[in-house]
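Participant: Below is the sequence, then the predicted model.
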Amino acid sequence: MIRRIGLAASLALGAALLSAQAPPPAATAGFGGGRELQRLTGERFTENCSGCHGAPGTAGRAPNLFDQRLLSQRSDDDLFRIITNGVEGAEMPAFGEVLPSEQIWQLIAWLRLEAENTQPRPRFIADPAGAVIASEQQKFRIDVVAQGLETPWGLAFLPDGRLLVTERAGRLRIIDRKGRLLPQAVTNTPPVWERQDAGLLDVAVDPDYRKTGWIYLSLVELQPGYQLPPAPALKPGERPPNHPSMTVIVRGRLNRQGAWVDAQTLFRAPLDRYTPSGVHYGSRLAFDPQGRLLFTVGERGDMKNAQDLSTPLGKLHRINRDGSIPSDNPFVNRPDVVPSIWSWGHRNPQGLAFDAAGRLWEAEHGPSGGDEINLIQPGGNYGWGVVSMGIQPGIAARTAPGMIGPITYYTPTIAPSGIALYRGNRYPSWSGNLFVTGLAGQQLRRLVLDGERITHEEVLFKSYGRVRAVTTGPDGLLYVLLQRPTGQGTGQPLSASTPGLVIRLVPLP
Ligand code: HEC
């Protein structure tokens with residue numbers, strides 16, 4: 001069955017769009033030669049496959065493999081089987097003897113990345129107010145709750161209905177019960193190191209807030225005691241140099257004057273673990289059903305960290321709310337192991353959410369493709385540094401004994417950030433669904449769960465910019481943080497700070 005798909009026109013259009021886009025930003029620190037491996041994989045495709053299948057811009061006599069429709073109908077496992085075994089009775093050769101399986105997996109991921117590149121970028125609509133979306137199960141309207149934010153990162157409701165929002169530049173903002181963004185940020189919050197992906201990141205409210213008043217923040221600080229060298233003169237577009245920094249977890253209270261008081265540091269890494277990398281801070285916060293605090297720390301662009309239990313980098317951590325270590329943590333009594341570690345082998349985990357059964361769902365960024373949704377087991381190794389579903393130099397396998405694979409993964413990349421389990425009753429057909437935000441993918445995704453399985457997925461929207469975090473309000477509505485697009489095609493570095501919004505999804509009959 002050779003399908004001739006008249007894709008030349010749309011491919012040419014894709015190529016035109018691509019060439020019109022700004023060159024990829026220089027912000028590739030931490031991607032460890034992934035672009036080079038992608039280039040090599042492209043050459044491998046030209047050598048072995050183009051003769052029959054053509055290239056992204058040119059059709060061949062065999063099916064066009066850069067066709068989204070074809071790819072969406074095949075799982076990676078289907079493609080692997082076809083390429084390995086060939087197609088009997090057709091010209092498609094078996095490559096199982098010719099190419100090592102790791103190269104076949106790389107070709108599959110590369111095909112998906114290339115196919116995405118030929119698609120026009122999602123159209124960006126700066127003002128989503130009033131947009132009505134008829135999704136599969138639920139019609140809803142988008143309300144803009146607040147605008148005028150800069151790179152909003154985390155959000156959490158106080159029991160009285162006020163909404164706390166962090167801005168990466170270091171401001172904790174309050175949206176009052178009437179939906180007004182207070183013009184002044186909370187004063188006296190800890191200073192943050194804002195550079196590339198660093199800054200003030202997540203916020204969470206104590207499960208016993210009415211009694212305790214505690215609010216938790218994850219933020220990035222410059223290494224204490226580090227003497228900043230004089231800032232060099234920069235050419236336009238040049239990034240300032242980075243300096244050793246690390247994720248820190250603090251808590252404090254909000255007084256009546258809107259000031260941060262009673263500040264306590266709950267987690268601070270040993271100073272020799274600070275690193276000048278400006279990427280992969282992780283930093284999502286969540287409370288488990290016993291009220292213990294979980295937080296993520298990324299591997300800071302060095303995958304070896306994720307497999308090294310003596311560093312907090314590339315780990316999910318669990319502490320008591322006062323910062324002490326729970327006695328039932330999996331590695332408490334192991335010498336040379338960071339005792340707050342709850343799970344390991346993570347890359348850049350930015351999504352954490354418990355479901356009604358107490359299972360912990362996590363989302364993390366993969367290398368090129370291979371973004372993961374995981375179910376977290378205490379002490380579990382999630383494999384980064386050794387295995388991945390994406391393209392990464394130095395990683396040759398997708399699975400390995402003792403390493404827990406994802407429940408699902410995304411190639412091409414959506415860059416998942418915050419996630420939430422919906423437990424309200426305002427959208428009855430969404431009850432128990434997992435909502436996943438996407439930064440690069442600029443989307444809010446709805447995942448239908450059946451226990452530990454994902455049975456269905458839907459993209460709810462894709463036109464309103466980077467989607468950073470999602471939570472359920474006291475009114476049972478989903479609240480979502482958006483940020484104006486950055487990176488490819490925008491003329492701005494991926495990590496640029498841009499205006500952001502809080503929206504909510506209002507159900508319509
Ligand atoms: C000698 C020609 C030839 C070469 C070389 C070749 N293919 Fe194919 N391929 C075909 C043909 C013909 C088909 C359609 C088979 C059929 O009728 O189902 C096909 C089908 C496929 C399919 C299934 C498409 C679908 O319908 O889902 C995949 C995937 C694929 N090829 C991948 C590859 C890759 C990857 C390479 C290089 C490593 C490659 N092919 C090299 C001829 C070729």
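Facilitator: That came in fine, so what should we check first? Numbers count the residues shown, from 1 in each chain.

Participant: Tell me who's in contact with the residue lying closest to D308 once chain neighbours are set aside.
Facilitator: Of all residues not flanking D308 in the chain, G314 sits nearest, at 7.7 Å (CB to CB, 6 or more residues apart in numbering). C-beta here means a position set from N, CA and C on the backbone, and glycine is covered the same way. Going by CB atoms under 8 Å, 6 or more residues apart in numbering, G314 touches 297-300, 303, 305-308, 344-347, 384-385.

Participant: L434 too?
Facilitator: L434 neighbours (CB under 8 Å, 6+ apart): A353, D355, W361, I373, I419, A420, L421, Y422, R446, L447, L449, I454.

Participant: who's in contact with the closest residue to it other than its chain neighbours?
Facilitator: Distances taken as CB to CB, 6+ apart place L447 nearest to L434, at 4.2 Å, with adjacent residues excluded. By CB under 8 Å, 6+ apart, the residues touching L447 are I373, T408, N433, L434, F435, V436, I454, H456, E457.

Participant: repeat for A396
Facilitator: Counted by CB under 8 Å, 6+ apart, A396 has contacts P100, E102.

Participant: and what of R484?
Facilitator: Per CB under 8 Å, 6+ apart, neighbours of R484: F124, A126, G465, R466, T498, P499, G500.

Participant: With distance to the ligand, neighbour count and pLDDT added, can I get those residues in CSV?
Facilitator: What follows is the contacts of R484, written out as CSV (distance: CB to the nearest ligand atom, whole Å; neighbours: other CB atoms under 10 Å; pLDDT from 0 to 100):
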residue, distance to the ligand, neighbour count, pLDDT
F124, 32, 15, 93
A126, 38, 13, 94
G465, 33, 23, 96
R466, 32, 25, 97
T498, 38, 14, 95
P499, 42, 15, 96
G500, 40, 23, 97
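
Participant: Tell me which residue is most central in the protein.
Facilitator: For the chain, P416 is the residue whose C-alpha lies nearest the centre (CA atoms, centre = their mean; 2.7 Å).

Participant: what pLDDT does it get?
Facilitator: Listed pLDDT for P416 reads 98.

Participant: on that earlier part again, got CSV for the contacts of R484, with secondary structure and distance to E36 too?
Facilitator: Output for the contacts of R484, formatted as CSV (DSSP: H, G, I helix; E, B strand; the rest coil; distance: CB to CB, whole Å):
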residue, secondary structure, distance to E36
F124, coil, 30
A126, coil, 36
G465, coil, 30
R466, strand, 27
T498, coil, 29
P499, strand, 35
G500, strand, 34
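
Participant: Just say helix, strand or coil for A109.
Facilitator: The three-state label given to A109 by DSSP: H, G, I helix; E, B strand; the rest coil is helix.

Participant: Just list whatever residues bridge to the residue nearest to L434.
Facilitator: Counting by DSSP bridges, L447 forms beta bridges with L434, E457.

Participant: and what of E221?
Facilitator: Beta-bridge pairing for E221 (DSSP bridges): M246.

Participant: Quick one: the helices in this protein, in order.
Facilitator: Secondary structure of the chain (DSSP state H): helices at 8-20, 34-48, 50-53, 68-72, 76-85, 101-117, 209-212.

Participant: Could you check how far the residue located most distally from the centre of the chain is from the ligand?
Facilitator: In the chain, counting by CA atoms, centre = their mean, G89 sits farthest out from the average C-alpha position, at 43.0 Å. Separation of G89 from the ligand (CB to the nearest ligand atom, to the nearest Å) stands at 8 Å.

Participant: mind checking pLDDT for that residue?
Facilitator: 91.

Participant: what residues are up against the nearest residue to D160 once chain neighbours are set aside?
Facilitator: Closest residue to D160 apart from its sequence neighbours, by CB to CB, 6+ apart: R177 at 7.0 Å. Applying CB under 8 Å, 6+ apart to R177 gives the contacts D160, G161, R162.

Participant: between those residues, which is nearest W193?
Facilitator: Using CB to CB, the shortest approach to W193 within the contacts of R177 belongs to R162, at 27.4 Å.

Participant: List the contacts of stretch 160-167.
Facilitator: Contact partners of stretch 160-167, identified using CB under 8 Å, 6+ apart, comprise 145-146, 149-158, 172-177, 185, 199-203, 205, 215, 217, 473-475, 479, 481, 500, 502.

Participant: For it, C-alpha coordinates in CSV please.
Facilitator: The C-alpha coordinates for stretch 160-167 follow below in CSV (Å, rounded to 0.1, in the frame of the first residue of the first chain):
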residue,chain,number,x,y,z
ASP,A,160,-10.1,32.8,51.8
GLY,A,161,-10.2,32.8,48.0
ARG,A,162,-7.2,35.1,47.3
LEU,A,163,-4.8,33.8,44.7
LEU,A,164,-1.1,33.9,45.0
VAL,A,165,1.0,34.1,41.8
THR,A,166,4.8,34.1,41.5
GLU,A,167,6.5,36.1,38.9
